[in-house]
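1. Return atomic coordinates for the entry below.
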Amino acid sequence: MSDAVRIGIAGAGSVAFGTAALLHQQGHDPMLWSPSGAGTEALKSAPLRASGAIEATFEPRIAGSAAELARDNDILLLALPAYGHKAVMDALVPHIRDGQHVIISSHASLGAVYLMQLLAARGIKAPITAWGTTVVTGRRQTGSAVQVNTVRKRVDLCTVPDTQSDRALDACKRLFGDRFQPRDGLLAISLSNLNPQNHMGIALGNITRMERGETWSQGQNVTPTIGRLLEQLDLERLAIAEALGLQVKTIFEHFHLSFHVPVASISEMNQQMHAQGNGGTGPATADSRYVTEDVPYGLQLTAVLGQLAGTPAPLHEAGIAIFSAMYGRDFSKENALLAALELENFTLDDLTQAARTGLLGTAPSVPQ
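-> Next up, the predicted model:
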């Protein structure tokens, strides 16, 4: 590879645009693929414009298909909501080459195991790196613009198979800088993603604002009451991690490292974020990934891991039930990745092994 790495990004939303801007800033050559085509339409007539934590104007390469994305790039990165992961993985699998590094930003619901098993069914061996969260946060604006709210100082990651961990870590550092914290397998990464629990508390406390389409400050509305809920949710996640013998960062470390504020209560940290201008804007619709992605793909996995570890997470389970009641649908049944993996047929020991190898012992059929 030359100094400028060619990296193909599956996705064309705020995180994909912000990640492409960071790669451009780092001297690399990103290509974007929108599975629907709609997400990159504006880039046909205007350059990508990033503002905020990253200031950049450039013209990323655009892929017309999954095949083109895989063919024309050294590394692939998935940057789209978790409910789109299975379909995008199904589309990419026939085209991923032996040894082609895949990064999932951010990883959800053991998606790396699903992808690894599909590749194994083709006889393809490729390292898959799972990030606990995204390296940037932001908001896609009109046209080709993206507001980047923050570039995180620390992102948890692991790679399957774990024999490829050092090589994959070096690649991530080369692309994005020295900002990665290796974690002990996919279960640790799954429990390192705090967005589902945080978004649950924030959405629950502000659902009428979302439903009415109001413009509201997210950080400012993490009031003391909501802050205490987020802290209690975090205690459940930490208890599961401890039962599994895993180390993960706390919610206090998350806000400190992601948004560069002093450690205090969660409400106080969010008020500080609001005061310094990186508290973010809350969702202006009830059809938000805070619910439609994070409840089935985040809270559901935490609840399943809690049951398997003998450390139930009643607040997480209550959140799934409450949002299911409010939305009139069963979010516990909407996780396509967990359904495909059929976790009910495996033990905790099977999952612990798969968290290091990427393989559960059976491989789903390869999509045609």
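2. Compute the first-to-last residue distance for stretch 30-49.
-> One end of stretch 30-49 sits 14 Å from the other (CA to CA, to the nearest Å).
3. what does it contact?
-> The contact list for stretch 30-49 (CB atoms under 8 Å, 6 or more residues apart in numbering) reads 6-13, 16-17, 19-21, 23-24, 56-66, 68-69, 72-73, 80, 84, 87-88, 91, 143-146. Every residue, glycine included, has its C-beta placed from N, CA and C.
4. What residues sit buried inside it?
-> Using 16 or more other CB atoms under 10 Å as the test for burial, stretch 30-49 gives P30, M31, L32, W33, S34, P35, G39, T40, A42, L43, L48, R49.
5. what do you get for stretch 94-112?
-> Buried positions in stretch 94-112, judged by neighbour count with 16+ other CB under 10 Å: 96, 100-112.
6. Narrow the contacts of stretch 30-49 to those in strands?
-> Those of these mapping onto strands are R6, I7, G8, I9, A10, A56, T57, F58, R61, I62, A145, V146, per DSSP state E.
7. Can you give me the pLDDT of the second one?
-> At I7, the pLDDT value in this model is 98.
8. you'd agree it is up against L23?
-> Yes. Using CB atoms under 8 Å, I7 is in contact with L23, at 6.0 Å.
9. The closest residue to P161 other than its chain neighbours - how many residues pack around it?
-> Spatially, and ignoring its direct neighbours in sequence, P161 is nearest to T357 (5.2 Å; CB to CB, 6 or more residues apart in numbering). Residues near T357, counting by other CB atoms under 10 Å, number 17.
10. ok so, going back, mind checking which of the buried residues of stretch 30-49 are in strands?
-> Members of those lying in strands (criterion: DSSP E): P30, M31, L32, W33, L48, R49.
11. Look up which residues are beta-bridged to the last one.
-> Translated: R49. T57, A145 (DSSP bridges).
12. Then the fourth one?
-> W33 forms beta bridges with A10, G11, as assigned by DSSP bridges.
13. Distance-wise, check it relative to H85.
-> W33 sits 14 Å away from H85, going by CB to CB, to the nearest Å.
14. can I assume the residue nearest to P161 is in contact with T159?
-> No. Using CB under 8 Å, T357 is not in contact with T159, being 11.1 Å away.
15. Could you pull up phi and psi at the most centrally placed residue in the chain?
-> Note on the chain: the residue nearest the mean C-alpha position is S106, at 2.1 Å, using CA atoms, centre = their mean. Torsion angles at S106 (phi, psi; degrees, to the nearest 10) stand at phi -100, psi 160.
16. so what sits against both of I7 and L23?
-> Taking CB under 8 Å, 6+ apart as the contact rule, I7 and L23 both touch D29, P30, L175.
17. Out of the residues you listed, which comes closest to T285?
-> Taking CB to CB as the measure, T285 lies nearest P30 of the shared contacts of I7 and L23, at 28.3 Å.
18. quick one: the closest one from T19, how far?
-> Note on P30: its distance to T19, by CB to CB, is 8 Å.
19. overlap in contacts of these two?
-> Joint contacts of P30 and T19 (CB under 8 Å, 6+ apart) are I9.
20. circling back: which two of the ones in strands among the buried residues of stretch 30-49 have the greatest separation?
-> Maximum pairwise distance in those, criterion CB to CB, is 19.5 Å, between W33 and R49.
21. Where does pLDDT dip in this protein?
-> Low-confidence segments of the chain (pLDDT under 70): 1-2, 362-368.
22. quick check: domain ranges of it?
-> 6-190, 193-351 (the TED database).
23. residue contacts, E334?
-> Contact analysis of E334 by CB under 8 Å, 6+ apart lists Y83, P296.
24. The chain should start at 497 in everything you say after this.
-> From this message on, residue numbering opens at 497, which makes the last subject E830.
25. What distance do you get for it to D790?
-> According to CB to CB, E830 and D790 sit 12 Å apart.
26. in this structure, which spans are strands?
-> Using DSSP E, strands in the chain cover 502-506, 525-529, 544-548, 552-554, 557-558, 571-574, 597-600, 624-627, 632-636, 641-647, 651-656, 676-678.
27. Mind listing what's buried along stretch 514-527?
-> Within stretch 514-527, the residues scored as buried using 16+ other CB under 10 Å are G514, T515, A516, A517, L518, L519, H520, Q521, H524, D525, P526, M527.
28. thinking again about what came up before, in a markdown table, list the ones in strands among the buried residues of stretch 526-545 along with distance to Q660.
-> Formatted as a markdown table, those follow (distance: CB to CB, whole Å):
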| residue | distance to Q660 |
| --- | --- |
| P526 | 23 |
| M527 | 23 |
| L528 | 26 |
| W529 | 24 |
| L544 | 31 |
| R545 | 36 |
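29. ok, so of the residues you listed, who is nearest R618?
-> Taking CB to CB as the measure, R618 lies nearest W529 of these, at 20.2 Å.
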